[in-house]
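Asker: got a predicted structure here, sequence first:
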Amino acid sequence: MNNFTFYSPTLFAFGDGEEKNTGALVRRFGGSRVLLVTGGGSVRRNGAYDAVAASLEAAGIPFTELSGVQANPRSGKVYEGIDLVRRTGADFLLAVGGGSVIDTAKAIGFGALYKGDFWDFFTGAAKIEKTLPVGVVLTISAAGSEGSDSCVITQERGNLKWGCPKADIIRPKFAVLNPRFTCSLPAYQTASGAVDMMAHIMERYFTNTPDVALTDRLCEALLKTVLDAAPKAIADPNDYAARADLMWAGMLAHNNSCGVGREQDWASHQIEHELSAFYDCAHGAGLAVILPAWMEYVLPHDPVRLAQFAVRVFGCEMNFADPEATARQGIEKLCLFFHSLGMPITFDELGAKAKDIPDMVAHRAEKPGGFPFGGFVKIQPADMEAILRLAAGEAQ
């Protein structure tokens, strides 16, 4: 393994009923006045909002609410939240929801303590050195932001879906994980979340770093867990065991415990950000379209690693004389799995248009240091266009 440092200080309170301790956890981590960040109405329907509000009131902690955070979270809510923090004197951000709500809270946390535009942290004009503390009550198993050092926001000026540089300081102080809050999710959202966590694992799995057997096996175990649990959760939304597996797998997929000591890729995520910027699609759905196309495109770079994925994750039989054939079997099985969850795997199924591909590549090029990207294979503009055209069903 390569040298690494790993710091993951988040406290996790996992299980049915743990949301009752939210107020005490806010107190434990220094909060005295909360900005409660939420999405749509689902947190009220599934009981999370009422439980959290009651816990805060019982702990004597006043709160102001910022609601209406959308999927693919927008900068407008971040600016609104920063203004609320400054007007109310909130000293703690509490995100009740999924990755979009958590990322919004993170951005508010470091933006509220900065005199300039919070977007400076995303362009590289400023470095995150301090933030308000963030806590989480998770209601969607997907993004893993409850334990991660990352944050993705769409700047509405220019429709730029970018991530800020990773920083341990923005990891949440605590995360309450009650799998029951995910039982009311629509099947499409559960499936999209499962793809998202698989992508987080695969971005780390496809590496050029040799001798990383331990983290290979951690990745494979998590992937096989998702393969087992996601169909069960969709077939029976109240399957607590399946929901619990997905919730913990989503966190482990992205807190980087299975990515340390190895070069990582992240090309599929960078390409998908353009899809969801253009079409406002679910992140997991976009990844289901991009991942197989990216795998097909980079297969010649290291067919043995892709074949290893096929054998260990999907149970394909290794063809030692032709590892590319084994690798393609794995890609096919991945596509079949995504389809079995109701996920798209082509542009047509997603509602994307091949005519927009040049614009997506050009839009990516607007990002500082936009090309090349990717760790497994360096992606240049022509490569990104080729991968998108594979996803659109155009032969290469």
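Answerer: Done, it's in.

Asker: buried residues, stretch 85-97. List them.
Answerer: 85, 90-97 (16 or more other C-beta atoms under 10 Å). No exception for glycine: its C-beta is placed from N, CA and C like everyone else's.

Asker: quick one: secondary structure of the residue lying farthest from the centre of the chain?
Answerer: Relative to the centre of the chain, the most outlying C-alpha is that of A321, 36.8 Å out, by C-alpha atoms, centre = their mean. Using DSSP: H, G, I helix; E, B strand; the rest coil, the structure places A321 in coil.

Asker: in terms of pLDDT, where does it sit?
Answerer: pLDDT, A321: 96.

Asker: next one: G40
Answerer: With respect to pLDDT, G40 scores 81.

Asker: kindly report the same for P368.
Answerer: P368 is given a pLDDT of 89.

Asker: what number of residues lie near it?
Answerer: Counted with other C-beta atoms under 10 Å, the neighbours of P368 add up to 9.

Asker: L113 too?
Answerer: By the criterion of other C-beta under 10 Å, L113 has 16 neighbours.

Asker: with the one 5 residues further on instead?
Answerer: Applying the criterion other C-beta under 10 Å, we find 24 residues in the vicinity of F118.

Asker: these two touch, right, it and I82?
Answerer: Yes. Between F118 and I82 there is a contact under C-beta atoms under 8 Å: 6.6 Å.

Asker: please enumerate the shared neighbours of these two.
Answerer: 108, 111 (C-beta atoms under 8 Å, 6 or more residues apart in numbering).

Asker: quick one: name whatever helix or strand follows the helix or strand of the chain with the lowest mean pLDDT.
Answerer: Sorting the helices and strands of the chain by mean pLDDT, DSSP states H and E puts helix 42-45 at the bottom, at a mean of 85. Heading C-terminal from helix 42-45, the first helix or strand you meet, by DSSP states H and E, is helix 48-58.

Asker: buried stuff in the helix or strand just after that next one?
Answerer: Counting by DSSP H and E, the next helix or strand C-terminal to helix 48-58 is strand 63-66. For strand 63-66, a neighbour-count test (16+ other C-beta under 10 Å) marks 63, 66 as buried.

Asker: got the contact list for strand 63-66?
Answerer: By C-beta under 8 Å, 6+ apart, the surrounding residues in contact with strand 63-66 are 33-38, 53, 56, 77, 80-81, 84, 88, 90, 94, 104, 108.

Asker: pull out the buried residues from these.
Answerer: By 16+ other C-beta under 10 Å, the contacts of strand 63-66 give 34-38, 53, 56, 77, 80-81, 84, 90, 94, 104, 108 as buried.

Asker: ok, so of those, who is nearest D211?
Answerer: Comparing the buried ones among the contacts of strand 63-66 against D211 with C-beta to C-beta places T104 closest, at 39.4 Å.

Asker: what is the helix or strand hosting that closest one packed up against?
Answerer: Following DSSP H and E, one finds T104 within helix 99-111. Using 3 or more C-beta pairs under 8 Å, 6 or more residues apart in numbering; DSSP states H and E, the elements in contact with helix 99-111 are strand 34-38, helix 75-88, strand 92-97, strand 134-138, strand 152-155.

Asker: figure out which of the ones you listed is closest to K20.
Answerer: With C-beta to C-beta, the closest approach to K20 among the helices and strands packed on helix 99-111 belongs to strand 134-138: 10.7 Å.

Asker: point me to the residue sitting closest to the centre of the protein.
Answerer: Using C-alpha atoms, centre = their mean, the most central residue of the chain is A143, at 2.9 Å.

Asker: in the stretch 101-250 of the chain, which spans are strands?
Answerer: 134-138, 152-155, 160-163, 174-177 (DSSP state E, counting those that start in this stretch).

Asker: which one, of those strands, ends up nearest to A386?
Answerer: That would be strand 160-163 among the strands of the stretch 101-250 of the chain, by C-beta to C-beta, at 21.3 Å.

Asker: average pLDDT for that closest one?
Answerer: Here strand 160-163 scores 95 as its mean pLDDT.

Asker: mind listing what's buried along it?
Answerer: Neighbour counts over strand 160-163 (16+ other C-beta under 10 Å) mark 160-162 as buried.

Asker: any chance of TSV for these, columns distance to H200?
Answerer: Formatted as TSV, the buried residues of strand 160-163 follow (distance: C-beta to C-beta, whole Å):
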residue	distance to H200
L160	22
K161	17
W162	17
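
Asker: understood, closing this out.
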